[in-house]
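> next come a sequence and a model predicted from it.
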Amino acid sequence: MVITLHFATGNAHKFEEARAYLEGSVHGLTLKHLKANLPELQADTLAEVARYKVDAAARMCADDVFVEDAGLFVPVLNGFPGVFSAEVMRMLGCKGILKLMADVTEPARRAAYFEVCTCLFIKRTGEVKEFMGHVDGTISIEERGKGGFGYDPIFISDDPAGNTRTFAEMGFEEKNRVSHRTQSLRKLKDFLAAGAASY
Ligand code: ITT
């Protein structure tokens with residue numbers, strides 16, 4: 001079966017990560033990049049923002065389309081940057097987050113997590129489906145690594161094997177095995193594989 005699905009995002013890194021995972025795991029799937037500057041509604045949850053984005057994307061696309069809204073949440077900063085992650089990255093960057101945490105030396109208090117809400121719009125039925133992803137970790141003391149994007153140079157995902165490399169120090173494939181994005185896309189993949197969409 002041939003499945004064509006669009007991912008509407010202005011972020012090319014996100015698209016590449018999604019393509020690598022989905023095309024590798026759903027037989028016959030082609031993922032197309034709908035390069036769009038989606039509106040970022042200010043809301044309390046990633047799911048609300050993602051639903052708003054998917055409405056806009058559905059109007060731009062004749063096929064089934066998905067979007068995502070993601071963020072880094074740091075409990076010691078009361079969840080900041082959270083739903084403001086994109087703006088904070090533009091205004092403060094990783095250095096700004098490290099500065100805000102300069103006094104937080106105890107490793108347990110440097111806990112953080114990435115979360116994502118992936119929202120799929122099914123053209124045939126007009127339904128919207130949400131798939132959440134989450135990865136726990138800690139904020140490093142300094143920026144490390146050249147790979148990835150966004151907050152990757154300061155995020156160390158929890159690893160039972162004791163890895164302390166940031167997402168930016170891991171290779172693309174290694175990040176993709178554990179990331180919040182992959183967790184949500186795995187649920188999307190299972191949904192597609194169950195034939196529950198329009199295919
Ligand atoms: P679209 O809305 O067009 O998809 P965006 O980059 O604005 O692109 P988000 O609002 O979902 O996307 O992302 C918020 C920010 O969180 C993003 O710009 C990155 O700085 C950061 N972010 C999201 N996922 C990340 C990841 O896997 N690694 C590092 N930073 C990430």
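Now that the structure is in, tell me what you want to look at.

> quick one: the residue in the chain that the ligand sits nearest to and residue 88, what's the gap?
Here the chain gets closest to the ligand at one residue, residue 150, 2.4 Å apart by C-beta to the nearest ligand atom. (Glycine included, C-beta is placed from N, CA and C.) Remark: distance between residue 150 and residue 88 (C-beta to C-beta, to the nearest Å) = 10 Å.

> what about the helices in this protein?
12-25, 46-60, 85-91, 93-100, 172-178, 180-193 (DSSP state H).

> redo those as a markdown table? Include mean neighbour count.
Conversion of these to a markdown table gives the following (neighbours: other C-beta atoms under 10 Å):
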| stretch | mean neighbour count |
| --- | --- |
| helix 12-25 | 17 |
| helix 46-60 | 19 |
| helix 85-91 | 15 |
| helix 93-100 | 16 |
| helix 172-178 | 15 |
| helix 180-193 | 19 |
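
> now mean pLDDT and distance to the ligand too, for the ones you listed, in a markdown table please.
As requested, the helices of the chain are exported to a markdown table (pLDDT from 0 to 100; distance: least, C-beta to the nearest ligand atom, whole Å):
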| stretch | mean pLDDT | distance to the ligand |
| --- | --- | --- |
| helix 12-25 | 92 | 6 |
| helix 46-60 | 96 | 6 |
| helix 85-91 | 96 | 4 |
| helix 93-100 | 98 | 9 |
| helix 172-178 | 94 | 7 |
| helix 180-193 | 94 | 6 |
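
> and stretch 158-175, what's buried?
Going by neighbour count (16 or more other C-beta atoms under 10 Å), the buried part of stretch 158-175 is 165, 166, 167, 168, 169, 170, 175.

> hmm, I was thinking of stretch 117-124
Buried, per 16+ other C-beta under 10 Å, within stretch 117-124: 117, 118, 119, 120, 121, 122.

> confidence score at residue 30?
Confidence at residue 30, expressed as pLDDT, is 88.

> how about residue 110?
Residue 110 is given a pLDDT of 97.

> next, the contact list for it, please.
Neighbour list for residue 110: 76, 101, 104, 138, 139 [criterion: C-beta atoms under 8 Å, 6 or more residues apart in numbering].

> do that again at 6 Å, thanks
104, 138, 139 (C-beta atoms under 6 Å, 6 or more residues apart in numbering).

> is the closest residue to residue 74 other than its chain neighbours bridged to anything, and to what?
With sequence-adjacent residues excluded and distances taken as C-beta to C-beta, 6 or more residues apart in numbering, residue 74 is closest to residue 112, at 4.6 Å. For residue 112, the beta-bridge partners are residue 137 (DSSP bridges).

> right, I'll call it a day here.
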